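Asks: Sequence first, then the predicted structure:
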Amino acid sequence: MRVAAFANPGISSSYTKIRLDKNENPFETPPGLIEELRMSISAVELNRYPDQEAASLKNALSEYCGFPPDWITLGNGGDEILLNLMMAFVPRDGCLMTLSPSFSGYEQMSGSLGVRVKRIPLEFDGESVTLREEKLVDALAASSPDMTIIDRPNNPTGLAVSTEFLKEVASLTRGVIVVDEAYVEFGGGSFLSNQEDLPSNVFVLRTFSKAWGLAGLRVGWGVSKPELCKKVEKVRPPFNVGVLPQEAARVALGYSEWMRARVNTITYTRDRFIEEVKRIHGWTALPSKANFVMVYSKCDREMTEKTFKKMGIHARFPDMGALSEIPGSWVRVTVGMEEEMGIVLDALKELSYRI
Ligand code: PMP
């Protein structure tokens with residue numbers, strides 16, 4: 001990996017803004033897709049409401065994932081689907097179970113709905129983060145949550161719990177299990193295999209925002225048995241996905257080879273970045289199945305934040321939930337271009353002299 005020269009810590013002005021804080025895809029939309037979109041936009045009737053059923057996008061997704069259209073739910077990003085799921089299945093004062101830490105959106109949305117949250121702590125052994133599965137199983141029995149959301153891979157740690165364990169969880173509860181696969185294309189394998197094997201209380205969430213590189217489009221989708229889909233449909237605002245996002249997502253599905261090639265580049269860069277971080281004194285990087293890496297050091301957080309800022313690196317210093325008791329710097333770095341990762345490595349090296 002090319003590491004940007006870092007002879008002088010005062011050279012921050014030569015760095016431009018490096019956006020590694022939102023787990024976006026660093027690659028630009030392919031020109032062929034832009035051209036196709038340009039043409040299809042002129043054919044779209046903007047004076048009309050979008051197709052409420054989004055039939056052509058659902059058909060295209062059905063072909064892509066192998067599940068029938070009436071098993072598919074759409075939303076204005078995965079975020080809206082999560083909110084709709086909570087509204088559909090968790091009553092006010094009901095209980096939502098999640099991992100701690102996990103995607104911050106779960107807390108924000110459940111808070112706005114007055115839902116209680118049961119958090120299952122992840123554990124850190126100095127090198128990796130794990131879930132003690134029996135803790136989740138015990139909590140399931142004790143709290144009988146209305147809904148359990150497992151982000152897999154987990155945001156912000158990159159941990160992917162096993163699909164076998166998720167199957168066991170689904171069989172132990174009457175509540176709904178949301179398997180949040182926002183980052184699944186980057187590793188860990190999907191929970192979705194075939195129709196017969198999908199338990200009737202499981203909803204698998206996907207998005208165009210990460211591997212597909214279309215975060216600005218705001219299209220999320222999910223797969224579940226039709227009975228479960230119908231309950232989500234009852235709370236879904238009828239025109240939640242506009243004509244342009246519907247059409248753009250449909251066209252984008254024709255670029256799955258482009259997507260897979262970019263995912264390969266990102267995972268290659270990710271794995272090399274993890275190795276490089278581990279070579280730096282005082283820093284470690286958690287294993288990751290996503291397009292981001294959690295790096296950790298005992299180094300003072302304020303100092304790390306200042307150094308990142310000085311070098312123009314935007315990374316995330318997330319709420320680490322159950323792990324926030326562990327002092328030091330927890331930094332979630334989105335995997336960007338190789339040059340950008342080189343600059344992050346420079347920042348970590350500079351900090352390592354002070355540990
Ligand atoms: N799930 C997880 C775990 C996420 O990290 C995110 C976004 N960062 C989402 C869902 C929602 O993504 P979007 O609304 O862009 O589809």
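Replies: It's in. Numbering: from 1, shown residues only.

Asks: Excluding residues flanking it in the chain, which one is nearest the most centrally placed residue in the chain?
Replies: Among the residues of the chain, residue 182 comes closest to the average C-alpha position under Cα atoms, centre = their mean, at 4.0 Å. If you skip the residues right next to it in sequence, residue 182 has residue 207 as its closest partner in space, 5.0 Å away by Cβ to Cβ, 6 or more residues apart in numbering. Quick note: C-beta positions are derived from backbone N, CA and C, even for glycine.

Asks: how about the nearest residue to residue 116 once chain neighbours are set aside, phi and psi?
Replies: Take residue 116 and drop its neighbours on the chain: the residue closest to it by Cβ to Cβ, 6+ apart is residue 95, 4.9 Å away. Torsion angles at residue 95 (phi, psi; degrees, to the nearest 10) stand at phi -120, psi 130.

Asks: Number of residues surrounding residue 95?
Replies: Residue crowding around residue 95 was assessed by other Cβ atoms under 10 Å; the count is 19.

Asks: give the contact list for it.
Replies: With contact taken as Cβ atoms under 8 Å, 6 or more residues apart in numbering, residue 95 is in contact with 115, 116, 117, 118, 143, 144, 145, 146, 147.

Asks: what residues are up against the nearest residue to the fifth one once chain neighbours are set aside?
Replies: Right, the one you point to is residue 143. Using Cβ to Cβ, 6+ apart and skipping residues adjacent in sequence, the residue nearest residue 143 is residue 118, 4.8 Å away. Shown here is residue 118, whose contacts under the criterion Cβ under 8 Å, 6+ apart are 95, 96, 97, 98, 139, 143, 145.

Asks: Pull out the buried residues from stretch 154-168.
Replies: Under the neighbour-count criterion of 16 or more other Cβ atoms under 10 Å, stretch 154-168 has 154, 155, 156, 157, 158, 159, 160, 161, 163, 166, 167 buried.

Asks: Give me the local confidence score for the third one.
Replies: Translated: residue 156. pLDDT, residue 156: 98.

Asks: any idea how far it is from the ligand?
Replies: Separation of residue 156 from the ligand (Cβ to the nearest ligand atom, to the nearest Å): 8 Å.

Asks: Check which helix or strand that residue maps to.
Replies: In this assignment (DSSP states H and E), residue 156 forms part of neither any helix nor any strand.

Asks: check contacts around the closest residue to residue 68 other than its chain neighbours.
Replies: Beyond its immediate neighbours in the sequence, the residue positioned closest to residue 68 (Cβ to Cβ, 6+ apart) is residue 62, lying 5.8 Å away. Under the criterion of Cβ under 8 Å, 6+ apart, the contact list for residue 62 reads 68, 69, 71, 72.

Asks: May I see the ChimeraX selection of the buried members of those?
Replies: Buried members of the contacts of residue 62, identified by 16+ other Cβ under 10 Å, are gathered into one ChimeraX selection as follows:
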select :69,71,72
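
Asks: In strands, which of the contacts of residue 62 appear?
Replies: Counting by DSSP state E, the contacts of residue 62 place residue 72 in strands.

Asks: Any idea how many residues pack against residue 230?
Replies: Taking other Cβ under 10 Å as the criterion, the count of residues near residue 230 is 13.

Asks: thinking again about what came up before, out of the buried residues of stretch 154-168, which sit inside helices?
Replies: In this view, the buried residues of stretch 154-168 that belong to helices under DSSP state H are 163, 166, 167.

Asks: Now the worst-scoring helix or strand of the chain on mean pLDDT: buried residues?
Replies: Here the helix or strand of the chain ranked lowest by mean pLDDT, DSSP states H and E is helix 31-43, holding a mean of 90. Buried residues in helix 31-43, counted by 16+ other Cβ under 10 Å: 33, 36, 37.

Asks: How about the residues of the stretch 1-150 of the chain by the ligand?
Replies: Residues of the stretch 1-150 of the chain lying close to the ligand (Cβ under 6 Å from any ligand atom) are 23, 77, 78, 79, 103, 105.

Asks: give me that answer again for 5 Å
Replies: When proximity is defined by Cβ under 5 Å from any ligand atom, the stretch 1-150 of the chain lies next to the ligand at 77, 78, 79, 103.

Asks: residues in contact with the first one?
Replies: Put plainly, it is residue 77. Neighbour list for residue 77: 207, 209, 218, 219, 220 [criterion: Cβ under 8 Å, 6+ apart].

Asks: near the ligand, from the residues you listed?
Replies: With respect to the ligand, and counting by Cβ under 5 Å from any ligand atom, the subset of those in contact is 207, 209, 220.

Asks: Most neighbours of all these, which one?
Replies: For the ones next to the ligand among the contacts of residue 77, the largest number of neighbours (other Cβ under 10 Å) sits with residue 207, at 26 neighbours.
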